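Visitor: Return a 3D structure for these sequence lines:
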Amino acid sequence: QLRAARAMLHYGEEPPICANYGTGAVFFSGCTLRCRYCQNGVISAGGAGEALTPEALRETFLRLIDEGAQSIDLVTPTHFLPSILPALTPRLPVPVIYNCGGYESVETLRELEGLIDIYLPDYKYADPELAARLSGARDYPAVALREMYRQVGGTELNEDGQMRKGMLVRHLVLPGYLSNTLAALDTIAALFPARDVFVSLMSQYVPMGNLPAPLDRGITREEYDGALSWMELCGLTGYWQDFSSATTEYLPDFGDKGLLCSD
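Guide: Numbers count the residues shown, from 1 in each chain. Below is the predicted model of the structure:
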């Protein structure tokens, strides 16, 4: 059953997503991945969230737009897609963002064709063995990124710098696995025309829970600087975070505020 933990104007996404007014983010409960280092475990595996119908979800989208959201951000929606699709029809009057962990099948993505304006996937791993060990997903697919790009094409911004269409790929730098980051950036650069897809290189990793080394520490400045240098050498365009972003202060609050929908 469709469940979501928060629906809110969110300012924590990349600049062209949030623009000046924030994106209308709906954080769905659960996840298709099982990342050992998950930063949002309270909703991905902890059961937080409220049940709602597709009709109530549609009302939530419209409420967020009334509050000023210039886009709708579907955060980790994949496993609820059959219930989300009816809420996206008819087309909303603002861009719709598919914000996912990157673990998608082409068949699933094709159900979204014509309904999604912006794809905002993670690309966590270039190494299938690492994907299996850390996220239970040996078949973590680069092929999903190609299907997303086929649907929306190159990035388009409006006169205010807000993203209206296209793709922005995120990669979280993990401590002790810099070689995976370099290979992931290589893969992204090989898949897409130069400067056609934005990349967000994230430094915000925080150890959550009882983790084995090297995941029990934050990333070092040397690791992040190395990743930034490689991103530049790959000719990738995009965004990076201040090194001070590695703090729980930037994680959304999934406490007792509720979904705030009108069902």
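
Visitor: what are the ranges of the helices in the chain?
Guide: Here the chain has its helices, by DSSP state H, at 15-18, 41-44, 54-66, 81-84, 106-110, 128-135, 143-152, 178-191, 221-233.

Visitor: count of residues packed around R221?
Guide: Neighbour count for R221, taken as other C-beta atoms under 10 Å: 10. For every residue, glycine as well, the C-beta is placed using N, CA and C.

Visitor: hmm, back to that, quickly, which of the helices of the chain bottoms out on average pLDDT?
Guide: Mean pLDDT is lowest for helix 41-44 out of the helices of the chain, coming in at a mean of 84.

Visitor: Who are the packing partners of that one?
Guide: Judged by 3 or more C-beta pairs under 8 Å, 6 or more residues apart in numbering; DSSP states H and E, helix 41-44 is in contact with no other helix or strand.

Visitor: That helix: which residues count as buried?
Guide: Using 16 or more other C-beta atoms under 10 Å as the test for burial, helix 41-44 gives 42-44.

Visitor: For the residues you listed, could you give me TSV that also reports distance to C100?
Guide: As requested, the buried residues of helix 41-44 are exported to TSV (distance: C-beta to C-beta, whole Å):
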residue	distance to C100
V42	19
I43	14
S44	12
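
Visitor: which stretch among the helices of the chain comes nearest G166?
Guide: Closest approach to G166 among these is made by helix 143-152 (5.6 Å; C-beta to C-beta).

Visitor: before we move on, the earlier item: would you turn the helices of the chain into a markdown table with distance to L211?
Guide: Listed next are the helices of the chain as a markdown table, based on distance: least, C-beta to C-beta, whole Å:
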| stretch | distance to L211 |
| --- | --- |
| helix 15-18 | 29 |
| helix 41-44 | 12 |
| helix 54-66 | 34 |
| helix 81-84 | 31 |
| helix 106-110 | 30 |
| helix 128-135 | 10 |
| helix 143-152 | 27 |
| helix 178-191 | 16 |
| helix 221-233 | 16 |
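
Visitor: And those helices: which comes nearest V96?
Guide: Nearest to V96, of all the helices of the chain, is helix 54-66, at 8.6 Å by C-beta to C-beta.

Visitor: Show me which of the buried residues of helix 41-44 is closest to S29.
Guide: Closest to S29, out of all of these and judged by C-beta to C-beta, is I43, at 5.2 Å.

Visitor: State the distance from the closest residue in space to the closest one that isn't next to it in sequence to M148.
Guide: Excluding the flanking residues, the one nearest I43 by C-beta to C-beta, 6 or more residues apart in numbering is A5, at 4.4 Å. Computed with C-beta to C-beta, to the nearest Å, the distance linking A5 and M148 is 25 Å.
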